[in-house]
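K.L.:
Attaching a predicted model along with its sequence, questions to come.
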Amino acid sequence: MRAEKQYITKEYLARLNASPFFIVVDYQGLKVAPLTELRKRLTKAGAEIHVVKNSLFRLSVKEANVADLAGSLSGQLAVVTGQRDVSSAAKVLKTFQAEFERPKLRFGYLGNQRLEAVEVAALADLPSIEVLRSKILGLINAPASKLAAIINAPASQLVRVLQARVEKGE
């Protein structure tokens, strides 16, 4: 393999190792301006999209021990990787696809588990990680707040009774 191809393969491998997920999309028919807009939106979501050469990407995936994508890579493909959660990248892809009818989701990987296009689209419908964290914190905080209110109730009732007696006696 030529030095340029080895360099590109190592670059793909570095992206795969740095990201907990990757999503493969078919970008055929997508013009430069919309692709640039997609890149901007993905950057805001903590992800990035890169056009890949199928044969070199296949080698990188195999070297990363993710899976064997022998028959899955054909056509004009791009790969979305990111540092944050997969659902935010999937949301951007889904909304962008609704606007421009491109790119088409092919498949994805979360860890070492393959996700079909339908499953990636389902991930897009999940709330963001920040929303899920706030819901969990709310569920944890609710019993503590109720307990504090129950513990304070007798003391506050006693204070109200004493206050009423003081006001009545004056």
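P.N.:
Structure's in. What do you need? Numbering: from 1, shown residues only.

K.L.:
Going by C-alpha atoms from here, please, whenever you check contacts or count neighbours.
P.N.:
OK.

K.L.:
What sits closest to Leu59 if chain neighbours are left out?
P.N.:
Distances taken as CA to CA, 6 or more residues apart in numbering put Thr9 closest to Leu59, at 7.0 Å, once the chain neighbours are dropped.

K.L.:
now what about the host helix or strand of Glu99, what contacts it?
P.N.:
Using DSSP states H and E, the element containing Glu99 is helix 86-100. Contact partners of helix 86-100, identified using CA atoms under 8 Å, 6 or more residues apart in numbering, comprise 21, 34, 38, 41-42, 45-47, 80, 82, 102-104, 110, 120-121, 123-128.

K.L.:
Can you tell me which of those residues are buried?
P.N.:
The neighbour-count criterion (16 or more other CA atoms under 10 Å) marks 21, 38, 41-42, 45-47, 80, 82, 102-104, 110, 120-121, 123-124 among these as buried.

K.L.:
Mark which of these are part of strands, please.
P.N.:
21, 47, 80, 82, 104, 110 (DSSP state E).

K.L.:
from those, which is closest to Arg15?
P.N.:
Gly82 (8.5 Å; CA to CA).

K.L.:
In the chain, where's the longest helix?
P.N.:
Counting residues, the longest helix found in the chain (DSSP state H) is helix 129-169.

K.L.:
Next, the angle from that one to helix 86-100.
P.N.:
Helix 129-169 runs at 110 degrees relative to helix 86-100, counting by axes from the mean of the first three to the mean of the last three CA atoms, to 10 degrees.

K.L.:
if we can go back for a sec, shouldn't the residue nearest to Leu59 be in contact with Lys62?
P.N.:
No. If you go by CA atoms under 8 Å, Thr9 and Lys62 don't touch, sitting 10.7 Å apart.

K.L.:
Of those two, give the one with the bigger neighbour count.
P.N.:
With neighbours defined as other CA atoms under 10 Å, Thr9 and Lys62 compare such that Thr9 has more, 22 against 15.
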